[in-house]
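Student: no sequence for this one, just the structure:
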């Protein structure tokens, strides 16, 4: 009887596949123009990041520990008021700096964000 046996992936191979999945997912999100963290794309990004285990997230894979440093790192880079937005649109630089929309610059990230109204935000990427 013939069985297909593949050797387990090395850590480097797992990371490379996760980076490829992240790249494809991020390109898809950029082309689509919006992102739902609880959707299919959000889950794909979460799984890829868990596979990568980036140092900024510390021990995020350890169920015995609550990792707050990674959360603080991410939160510091978000514009104020983003939690109230239902729609977040990612755009390239499209001249929003000449619009009437207020500019929001996150404290630790130099990327322009514009508050369109109470529920919408545009972020230049």
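Tutor: Arrived safely. Since the model is a prediction, treat every value here as computed from it, not as a measurement.
Student: The protein - how does it break down into domains?
Tutor: Residue ranges of the domains in the chain are recorded as 9-76, 80-124, according to the TED database.
Student: what about residue 25, neighbour count?
Tutor: Neighbourhood size, residue 25 [other C-beta atoms under 10 Å]: 19. C-beta coordinates here come from the backbone N, C-alpha and C atoms, glycine included.
Student: so where's the longest helix in the chain?
Tutor: The residue-count maximum for a helix in the chain (DSSP state H) belongs to helix 11-32.
Student: Let me see the ranges of the strands in the protein.
Tutor: Remark: strands assigned in the chain by DSSP state E are 87-91, 103-104, 113-117, 120-124.
Student: Tell me the strands beside the third one, with direction?
Tutor: Same thing as strand 113-117. The sheet places strand 113-117 alongside strand 103-104 (antiparallel), strand 120-124 (antiparallel), with pairing taken from DSSP bridges.
Student: gap between the first one and the chain center?
Tutor: For strand 103-104, the distance from its own C-alpha centre to the chain's C-alpha centre is 20 Å (C-alpha atoms, centre = their mean, to the nearest Å).
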